[in-house]
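S.K.: Structure of the sequence below:
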Amino acid sequence: MAGITNLVDGSTRIYLPLLAIAWEVGQAAVAWIFFAALLPWAVGSLFAGAMIDRADRFAILRVVNLTRAAGLGVAAMAAFLFPGQLAVLLGPAVVIGTVDMIGDICAQSMVTDLVEEPARTAAYGKMASVQTVFGVLAAPAIGGLLVAAPAWLALSTLGIASSFAVFLVQGRAAPGAGPAREHPFSSILTDTKVGLKTILHSSWLGRTAAAVGVMNLASSATMAVLVVYMSRSLGASATETGILLSAIGIGSSVGSLGAGRLSAYLGFRAAVMIGALGIASGLVSPVIGTSMIQLGIVSVLGGLLAPLFGVNVISMRQRMVTPDLAGRVNASFQLLGTGAAPLGALIAGTLSAVVADKAVFAASASLAITALVVCRPWSVGLRPRPATRYQDDRQEQEVPN
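M.R.: Prediction:
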């Protein structure tokens, strides 16, 4: 199920900007598409986290998969009736961004229900591997190939593929696991604040969320310009762009497969530092690369190391909270970490009209590297004991770095 959904989401994320270029609706439109896809993370993640902690997480995934299929079906009809219109592209971008946000938070939260702590790092590594293989490796190539087909047919194909995931979510929440039901009448607003308070009361969670936020802002700024840059400055076709992004996915896939075992050998501190180096390399690649080959080599090497960062950060974050808080803390972390990403896409789209693309890439990479150095997400130090909604335990305990 995760493979299909990541394949559809990843293909659509690549396909929509490439289709905008093919329709010649303007470079600013590409930035607006990235903005629309990232906006749900900024405005809906806290509410999604509260609902994930209240309801059956399997049921939520079923609704998410149904919404994805229906949304792409409506987008296909709109593309047939109103070809060449920017609104046709913004609609599916918002839908994909929304279902991706809810599905990602829900999946991360479910791991704490299904996997014991000693095996969670490996579990997150396997989950990242599936997401990378389908969403980063295979999806860009498919997205690039779909541009050659009529828009209504491409979107219909993605909708039909996503409909299979509706029938693949099997299982029920175990009694007592996952959602907290002991206070069913608390308000959604109250629940949404709990995750933010938990993060702000932890030095490491706060610093890491800030670092991830800046990195995601820089990454979205880079991606908003990169697709157009490869097409217009490097002369890459839509298919070549998809193939290069898939090549980056190869590095990420290999890195994800070995992230669990390598993390156990390196330890948390070294693994996160090496992963941060990989992320920085990926952002620097369009600055130093003058051809598709150079850009691909540096990006693949960065993608090989980057999963060490994500797998270990997620695993440590889950260790810091009890399962009944997992959804809200994950959602709050995503808000702080991804909420600025839409702004990055808009800023980059605006700047690219007045400055060189490489200047945007250089500014994004510099910003991300500075955030990593200042926030030091590899240094855990002291952390609060796992807390619950109605028990604020401020005592601290040492966590080995």
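
S.K.: For residue 295, give me its contacts.
M.R.: Contacts for residue 295 were tallied using C-beta atoms under 8 Å, 6 or more residues apart in numbering; they are 230, 234, 244, 285-286, 289. Where you see a C-beta, it was placed from the backbone N, CA and C, and this is true even at glycine.

S.K.: repeat that with 10 Å
M.R.: Applying C-beta atoms under 10 Å, 6 or more residues apart in numbering to residue 295 gives the contacts 226, 229-230, 234, 236, 244, 247-248, 285-289.

S.K.: Which of those lies at the shortest distance from residue 167?
M.R.: Closest approach between the contacts of residue 295 and residue 167, by C-beta to C-beta: residue 248, at 31.4 Å.

S.K.: still on that earlier bit, any chance of TSV for the contacts of residue 295, columns distance to residue 72?
M.R.: Shown next, in TSV, are these (distance: C-beta to C-beta, whole Å):
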residue	distance to residue 72
226	24
229	28
230	25
234	30
236	26
244	25
247	26
248	25
285	31
286	30
287	35
288	37
289	33
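
S.K.: Restricted to helices, list these.
M.R.: Judged by DSSP state H, the contacts of residue 295 include 226, 229-230, 244, 247-248, 285-288 as members of helices.

S.K.: Output these in JSON lines; the columns should cover neighbour count and pLDDT.
M.R.: As requested, the ones in helices among the contacts of residue 295 are exported to JSON lines (neighbours: other C-beta atoms under 10 Å; pLDDT from 0 to 100):
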{"residue": "226", "neighbour count": "26", "pLDDT": "86"}
{"residue": "229", "neighbour count": "22", "pLDDT": "86"}
{"residue": "230", "neighbour count": "22", "pLDDT": "86"}
{"residue": "244", "neighbour count": "23", "pLDDT": "80"}
{"residue": "247", "neighbour count": "20", "pLDDT": "78"}
{"residue": "248", "neighbour count": "25", "pLDDT": "78"}
{"residue": "285", "neighbour count": "24", "pLDDT": "89"}
{"residue": "286", "neighbour count": "27", "pLDDT": "89"}
{"residue": "287", "neighbour count": "19", "pLDDT": "89"}
{"residue": "288", "neighbour count": "14", "pLDDT": "86"}
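
S.K.: Tell me the one of those residues nearest residue 352?
M.R.: Scanning the ones in helices among the contacts of residue 295 for proximity to residue 352, where the rule is C-beta to C-beta, the winner is residue 229, at 8.3 Å.

S.K.: number of nearby residues for the closest residue to the closest one other than its chain neighbours?
M.R.: In this structure, residue 229 finds its nearest non-sequential neighbour in residue 357, 4.5 Å apart by C-beta to C-beta, 6 or more residues apart in numbering. Per other C-beta atoms under 10 Å, the neighbour tally for residue 357 reads 21.

S.K.: contacting residues for residue 357?
M.R.: 27, 222, 225-226, 228-230, 232-233, 286-287, 348, 351.

S.K.: Return the member of those residues nearest to residue 35.
M.R.: Out of these, the member with the shortest distance to residue 35 (by C-beta to C-beta) is residue 348, at 10.0 Å.

S.K.: what helix or strand does residue 25 sit in?
M.R.: Assessed by DSSP states H and E, residue 25 sits outside every helix and strand.

S.K.: And it, how far from residue 85?
M.R.: 8 Å (C-beta to C-beta, to the nearest Å).

S.K.: More neighbours: the two, which one.
M.R.: Per other C-beta under 10 Å, whichever of residue 25 and residue 85 has more neighbours is residue 25, with 18 against 14.

S.K.: Test my guess that the more buried one contacts residue 83.
M.R.: No: in this structure residue 25 lies outside contact range of residue 83 using C-beta atoms under 10 Å: 11.1 Å.

S.K.: what's the most distant pair in the contacts of residue 295?
M.R.: 247 and 287 (18.5 Å).

S.K.: if we can go back for a sec, considering the contacts of residue 357, which is situated nearest to residue 19?
M.R.: When those are compared against residue 19 (criterion: C-beta to C-beta), the nearest one is residue 228, at 12.9 Å.

S.K.: what number of residues lie near the closest one?
M.R.: Neighbours of residue 228 (other C-beta under 10 Å): 21.

S.K.: Same question for residue 265.
M.R.: Residue 265 has 9 nearby residues by other C-beta under 10 Å.

S.K.: Three-state assignment for it, please.
M.R.: helix (DSSP: H, G, I helix; E, B strand; the rest coil).

S.K.: now the strands for this structure?
M.R.: 382-384, 396-398 (DSSP state E).

S.K.: separation between the residue nearest to residue 336 when sequence neighbours are not counted and residue 339?
M.R.: Leaving aside its chain neighbours, residue 336 sits nearest to residue 209 (3.9 Å; criterion: C-beta to C-beta, 6+ apart). Note on residue 209: its distance to residue 339, by C-beta to C-beta, is 10 Å.

S.K.: about what we covered before: if I average pLDDT within each of the strands of the chain, which one is lowest?
M.R.: The weakest mean pLDDT among those belongs to strand 396-398, with a mean of 38.

S.K.: And the helices in the stretch 301-401 of the chain?
M.R.: Taking DSSP state H, counting those that start in this stretch as the criterion, the stretch 301-401 of the chain contains helices spanning 307-319, 326-338, 341-351, 357-375.

S.K.: Specify the stretch among the ones you listed that is closest to residue 60.
M.R.: Closest among the helices of the stretch 301-401 of the chain, using C-beta to C-beta: helix 326-338, at 9.4 Å.

S.K.: Pull the closest one out as CSV, backbone CA atoms only.
M.R.: Extracted C-alpha coordinates of helix 326-338, given in CSV (Å, rounded to 0.1, in the frame of the first residue of the first chain):
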residue,chain,number,x,y,z
ALA,A,326,2.7,10.4,18.8
GLY,A,327,0.2,11.9,16.3
ARG,A,328,0.2,15.4,17.9
VAL,A,329,4.0,15.6,18.4
ASN,A,330,4.6,14.3,14.9
ALA,A,331,2.2,16.8,13.4
SER,A,332,3.6,19.7,15.4
PHE,A,333,7.1,18.7,14.4
GLN,A,334,5.9,18.6,10.7
LEU,A,335,4.3,22.0,11.2
LEU,A,336,7.5,23.6,12.5
GLY,A,337,9.7,21.6,10.1
THR,A,338,7.6,21.9,6.9
